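Chemist: Build me a model from this:
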Amino acid sequence: MIRAKTQLPEALRKKLDEHGKLVKHISETLEKYKDQPLPPNVGEDLDAKAAEAEKLWAEIEPELKRYERLHDIENQARQISRVAGMVPDPALPENGAERKDERRDQIAGYLSLGQAVVRSPEFKEFIERGMPRGEFRILVVDDVKSSRNGRRVFVALTKEQREAWEQKAAPVLGAGVIEPDRIDELVRVTEHEPLVLRDVLNVAPTTSDSITYTRLQSYTRAAAPVAKGAQKPEAAMALDTVTVPVKTHAVWIPAHENDLADLPRLANMIDTELLYDLRKLEEEEVLYGDGTGEHFRGILSDPGVQAARAEANDTLLDIIRRAITDVRRAGYEPNAVVIDPIDWEEIELLKGTDNRYVWAVIRDTLGPRIWSIAVVETPAAEANRGDATEERNLIVGDWMRGATLWVRSAAAISMGWINDQFIRNQRTILAEQRAAFGVKRPLAFRKHQTQAPVPAGG
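Modeler: Okay, the predicted model is just below:
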């Protein structure tokens, strides 16, 4: 939330002040005539003032929500963790202004992960040694700042690290660094891109190889008025203690030695190919992982996640609205619907008997919304099991309270030499991440199958 009106633009502050005056006038007038009928002229004046206030608020609300959202994004950006191996941050003072100034001094720039790899001293040493055989860990990142569409990942550089890299790494960092003093520590090039699953999901760091969490299965209310001296009612809560191990996701590609020598091409391969592959897998695991081996136990595989209500002749619009109701009645606040592009297309193209589109999809800088909640449109909503026809689902949920993705290592890049790559002048580039996932509150989600699977050969 924006904590002070002074943080808002002047035009918006004036609108808020004007709205406040209208509301105050209406309240004072109603209080004045609370025990008697309103005179006709007073009633007409209140009707006009109420209409004016409603119209003004319709202008204020979307602007206010936008600035609140941008303020939240800015706060998140200031908490980007450091690249692994850096000197720990000194203790920061409690004073907010001093904390902000010291934080600004510590972060000396942002780089995409691919650029950070090719400009690191470790990569320069790897090249200078003639790209020797064996596996070489180039860079490990504990946490990253992803772009909103997941296509790019940014890491923060401290002042000390940037100075060391400028002296030791080739080439000099130069234009690849996004300067925090120019953009106030916020990577604004990622601000207006479409939502991805990570944007609505609770993502938390961990330093452990396993996570133990409490899973809320159900809660039965029992609160009631109690007479003096009478026994108080007891509520029923079903809890489970669940332990999930940190899983490893990895992918590698062969690269010609010329690719390693061409630093921009190598950085682009890491940023656009390897990291996209990992992020795509992460979304598929969060939704469809079956819990076996190194797979997450995904939301759609969780037996506690219930199906959304559906009645005869319901469209996807109806089902999503019913699911929102069910999540709210379970005590949660849905913040997003995750849906496959094919199903989202069906909603946007839905027409009435007059051949007109029946659904006006609300779009702003934060992406599309349906029934006032965000839409995450992702191909990961379709299963990837190798069936002739893959299963598709949509999920409505309180993603922040209902589940958590714990990240042990956000990204690690290694380079090595395997098999017959020696005679092919090739090297291996390996990217991996370590994370765990758990559904803490199954009732915070509702699912709906939009396409049934057809097994291959069946």
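
Chemist: For the residue nearest to Thr212 when sequence neighbours are not counted, identify the helix or strand it belongs to.
Modeler: Taking C-beta to C-beta, 6 or more residues apart in numbering, and ignoring the residues beside it in sequence, Thr212 has Thr243 as its nearest neighbour in space, at 4.6 Å. The C-beta positions use only the backbone N, C-alpha and C, and glycine is treated the same way. Assigning secondary structure by DSSP states H and E places Thr243 in strand 236-245.

Chemist: Now do the buried residues in that strand.
Modeler: Neighbour-count burial for strand 236-245 flags Val244 (criterion: 16 or more other C-beta atoms under 10 Å).

Chemist: And it, what does it pack against?
Modeler: Counting by 3 or more C-beta pairs under 8 Å, 6 or more residues apart in numbering; DSSP states H and E, the packing neighbours recorded for strand 236-245 are strand 210-220, strand 426-439.

Chemist: Need the contact partners of the next helix or strand after that strand.
Modeler: Remark: after strand 236-245, the chain's next helix or strand is strand 247-256, criterion DSSP H and E. Contacts made with strand 247-256 from outside it, assessed by C-beta atoms under 8 Å, 6 or more residues apart in numbering, are listed as 266, 269, 273-274, 277-278, 281-282, 285, 294-296, 421, 424-437.

Chemist: Only the buried subset of the residues you listed, as a PyMOL command please.
Modeler: Here is the PyMOL command that picks out the buried ones among the contacts of strand 247-256, judged by 16+ other C-beta under 10 Å:
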select buried, resi 266+269+274+277+278+281+282+285+295+296+421+426+427+428+429+430+431+432+433+434+435+436+437
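
Chemist: List the residues that contact the residue nearest to Thr212.
Modeler: For Thr243, the contact set (C-beta under 8 Å, 6+ apart) comprises Ser210, Ile211, Thr212.

Chemist: Let me have the residues you listed in CSV, adding neighbour count and pLDDT as columns.
Modeler: Listed next are the contacts of Thr243 as CSV, based on neighbours: other C-beta atoms under 10 Å; pLDDT from 0 to 100:
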residue, neighbour count, pLDDT
Ser210, 12, 89
Ile211, 19, 88
Thr212, 10, 89
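
Chemist: for those, which one is nearest Ala403?
Modeler: The closest of the contacts of Thr243 to Ala403 turns out to be Ile211 (C-beta to C-beta; 12.0 Å).

Chemist: quick one: pLDDT of Ala323?
Modeler: The predicted local confidence for Ala323 comes out at a pLDDT of 96.

Chemist: still on that earlier bit, quick one, which of the helices and strands packed on strand 236-245 is nearest to Ala307?
Modeler: Ala307 lies closest, by C-beta to C-beta, to one member of the helices and strands packed on strand 236-245: strand 426-439, at 15.2 Å.

Chemist: what mean pLDDT would you report for that closest one?
Modeler: Confidence over strand 426-439 (mean pLDDT, whole number) is 88.

Chemist: Quick one: distance of the next helix or strand after that strand to the chain centre.
Modeler: Downstream of strand 426-439, the next assigned helix or strand under DSSP H and E is strand 445-451. With C-alpha atoms, centre = their mean, to the nearest Å as the basis, the distance from the averaged C-alpha position of strand 445-451 to the chain average is 20 Å.

Chemist: same question, stretch 21-39
Modeler: Here the centre of stretch 21-39 is set off from its chain's centre by 45 Å, with C-alpha atoms, centre = their mean.

Chemist: re earlier: please convert the helices and strands packed on strand 236-245 to TSV, extending it with distance to Phe123.
Modeler: Supplementary listing: the helices and strands packed on strand 236-245 in TSV, determined by distance: least, C-beta to C-beta, whole Å:
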stretch	distance to Phe123
strand 210-220	32
strand 426-439	11
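
Chemist: of the contacts of Thr243, closest to Thr325?
Modeler: Nearest to Thr325 among the contacts of Thr243, counting by C-beta to C-beta, is Ile211 at 31.5 Å.

Chemist: Let me see the contact set for that closest one.
Modeler: Thr243, Val244, Pro245, Val246, Trp406, Ala436, Gly438.

Chemist: now swap in Arg446 and tell me
Modeler: Taking C-beta under 8 Å, 6+ apart as the test, what Arg446 contacts is Val305, Gln306, Ala307, Ala308, Arg309, Ala323, Asp326, Val327, Ile395, Val396, Gly397.

Chemist: Would you quantify the distance from the second one to Lys32?
Modeler: Remark: distance between Gln306 and Lys32 (C-beta to C-beta, to the nearest Å) = 51 Å.

Chemist: Mind checking which of these two has more residues around it?
Modeler: Summary of the neighbour comparison: Gln306 and Lys32, criterion other C-beta atoms under 10 Å, with Gln306 having more neighbours (16 against 11).

Chemist: Compute the distance between Ala310 and Leu316, please.
Modeler: Ala310 is 10 Å from Leu316, where distance means C-beta to C-beta.

Chemist: can you list residues touching both of these two?
Modeler: Contact criterion C-beta under 8 Å, 6+ apart; residues bridging Ala310 and Leu316 by contacting each: His448.

Chemist: neighbour count winner among these two?
Modeler: More neighbours surround Leu316 than the other of Ala310 and Leu316, with 20 against 15 (other C-beta under 10 Å).

Chemist: which one is that one nearest to, not counting chain neighbours?
Modeler: With C-beta to C-beta, 6+ apart as the criterion, Leu316 has its nearest non-adjacent residue at 5.3 Å, and that residue is Ile347.

Chemist: Now that that neighbour has come up, it's in contact with Trp371, right?
Modeler: No: in this structure Ile347 lies outside contact range of Trp371 using C-beta atoms under 8 Å: 10.8 Å.

Chemist: Looking at those two, which is more packed in?
Modeler: Residue environment comparison for Ile347 versus Trp371 gives the larger neighbour count to Ile347, 20 against 16, counting by other C-beta under 10 Å.

Chemist: do you know how far the more buried one is from Asp340?
Modeler: Applying C-beta to C-beta, the value for Ile347 to Asp340 is 11 Å.

Chemist: Repeat that for Glu122.
Modeler: As it turns out, when the distance is counted by C-beta to C-beta, Glu122 lies 40 Å from Asp340.

Chemist: beta partners of Val396?
Modeler: Each beta-bridge partner of Val396 is listed here: Val337, Arg446, as defined by DSSP bridges.

Chemist: Can you verify my assumption that it contacts Phe445?
Modeler: Yes: look at Val396 against Phe445 with C-beta under 8 Å: they come within range, at 7.1 Å.

Chemist: what is in contact with those two at once?
Modeler: Both Val396 and Phe445 are in contact with Val327, where contact means C-beta under 8 Å, 6+ apart.

Chemist: Glu122 and Asp340 - which one has more neighbours?
Modeler: Neighbours of Glu122 and Asp340, each counted by other C-beta under 10 Å, are more numerous for Asp340; the result is 20 against 16.

Chemist: so what pLDDT did the spatially closest residue to that one that is not a sequence neighbour get?
Modeler: What sits nearest to Asp340 in space, not counting adjacent residues and going by C-beta to C-beta, 6+ apart, is Ala381, at 3.8 Å. Ala381 carries a pLDDT score of 94 in this model.

Chemist: quick one: contacts for Ala381?
Modeler: Applying C-beta under 8 Å, 6+ apart, we find Ala381 in contact with Leu287, Val338, Ile339, Asp340, Asp343, Arg392, Asn393, Leu394, Ile395.
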